[in-house]
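Peer 1: I'd like to go over a predicted model; first the sequence, then the structure.
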Amino acid sequence: MKKIIAFIILLAFAACNSHTLTNDSSPATKTDSSKAEVLYPYPIGYSSKFEFADPENSKMVLDLWKSYDNNTLDNVKDHFADTVEMIFPGFRMRAGRDSIIATAKTGRNMSNSVISTVDVVMSVKSTDKGGNWVLVWGNEMRTDKKNNTDTVAIHEVWGLNKDGKIEFMQQYASKK
């Protein structure tokens, strides 16, 4: 996991500090502050044009994580849009804010404690689509009602609407 995180950080750093390369691996020339178009081997379904965005978006998502850990989800209810889609491994839900909060509370109440750690968080914006996203990599250690502890590695993608409210979240998880 640490190797993956280090690789992601390295990629983000390199993307911010390097010249775009053309297909012949020579540095692209800038014309009116634009970069040469990269030709990807697969069609990109949403966008491949991102830039770092407002870190307050990342803080909002981490406030949600902390409220989940502390079992105080009512404190962050206003961070959600009226309708939210959430996708977890084996579970998908599209519902109103109140239903989302109630479902999250039910899931949280299945554990005595939840302790999260964050390895990487970044707020990005699609420059061609205008969408704001927050990406989080971390770990979640849960202790259930029988005091059994389990830890999972988590990657989450959070989508924000034009009003800065959460309207989408997808979680990828694997046992550690």
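Peer 2: Yep, that arrived.
Peer 1: what separates stretch 48-60 from the chain centre, distance-wise?
Peer 2: Distance of stretch 48-60 from its chain centroid, counting by C-alpha atoms, centre = their mean, to the nearest Å, is 10 Å.
Peer 1: Show me the domain layout of the protein.
Peer 2: Structural domains assigned to the chain are 1-39, 49-175, following automatic domain parsing.
Peer 1: Adding mean pLDDT and mean neighbour count, write those out as a markdown table.
Peer 2: Bear in mind the C-beta positions are built from the backbone N, C-alpha and C, glycine included. Below are the domains of the chain laid out as a markdown table (pLDDT from 0 to 100; neighbours: other C-beta atoms under 10 Å):
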| stretch | mean pLDDT | mean neighbour count |
| --- | --- | --- |
| domain 1-39 | 49 | 11 |
| domain 49-175 | 97 | 15 |
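Peer 1: Helices along the protein, start to end?
Peer 2: 2-17, 55-70, 97-108 (DSSP state H).
Peer 1: and the last one with helix 55-70, angle?
Peer 2: By that I understand helix 97-108. Interaxial angle of helix 97-108 relative to helix 55-70 (axes from the mean of the first three to the mean of the last three C-alpha atoms, to 10 degrees): 50 degrees.
Peer 1: list the helices and strands helix 97-108 packs on?
Peer 2: strand 80-88, strand 91-96 (3 or more C-beta pairs under 8 Å, 6 or more residues apart in numbering; DSSP states H and E).
Peer 1: can you do 7 Å?
Peer 2: Helix 97-108 makes packing contacts with strand 80-88 when contacts are defined by 3 or more C-beta pairs under 7 Å, 6 or more residues apart in numbering; DSSP states H and E.
Peer 1: contacting residues around the strand it packs on?
Peer 2: Outside strand 80-88, the residues that touch it by C-beta atoms under 7 Å, 6 or more residues apart in numbering are 93-97, 100, 161, 165-171.
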